[in-house]
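# Structure for this input, please:
(one chain, ligands or ions: 1)
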Amino acid sequence: MMDYKALIQAAFSARLNAYAPYSSFQVGAALLGKNGKVYLGCNVENAAFAPTNCAERTAVFSAVCDGEQEFIAIAIVGGKEQTKNFADCFPCGVCRQVLQEFCHPDFSIIVAKSDDDYQIYSLAELLPHGFGKTDLH
Ligand code: THU
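Model (predicted):
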């Protein structure tokens, strides 16, 4: 089982590829699949603004495209382009809902300032009473 330090470092490396010319807010995510693979994501902005994709969703969609749909944890790091002092970057509501589609309530969301300064939340904590596939019956 991979340690969270390595997952956070992977999120920082993904952040280097962020495409964020409009906000200059660069985000990286690293999603650990049950298959042991780590899927990276960065935010990808757009001149029309609305089509912007967050780092977390980039990672989830990359994993699904690779054939993985079960996940253990995601590490998220974000901050302005030049910053060296990272603040907590929590996933937006849309990304929480996308995680809800594939992840159990005890899925771990690691919000990191550095690889030794982070907090871990469950998906249920960040999206209580989330709407999911079992509600469609
Ligand atoms: N963003 C993410 O990629 N993930 C988050 O958790 C918060 C926000 C991106 C979207 C946009 O490109 C920029 O950060 C500013 O909102």
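
# quick one, strands of the protein?
25-33, 38-42, 71-80, 108-114, 117-122 (DSSP state E).

# Skipping adjacent residues, who's closest to the residue positioned nearest the centre of the chain in space?
In the chain, the centroid-proximal residue (CA atoms, centre = their mean) is Glu56; its distance is 3.1 Å. In this structure, Glu56 finds its nearest non-sequential neighbour in Cys95, 4.0 Å apart by CB to CB, 6 or more residues apart in numbering. C-beta: built from backbone N, CA, C; applies to glycine.

# Quick check: beta-bridge partners of Gln119?
Bridge pairing for Gln119 (DSSP bridges) gives the partners Val111.

# circling back: just the strands of the chain: most buried one?
strand 25-33 (a mean of 26; mean count of other CB atoms under 10 Å).

# Check the gap between the residue nearest to the centre of the chain and the ligand for me.
Remark: distance between Glu56 and the ligand (CB to the nearest ligand atom, to the nearest Å) = 6 Å.
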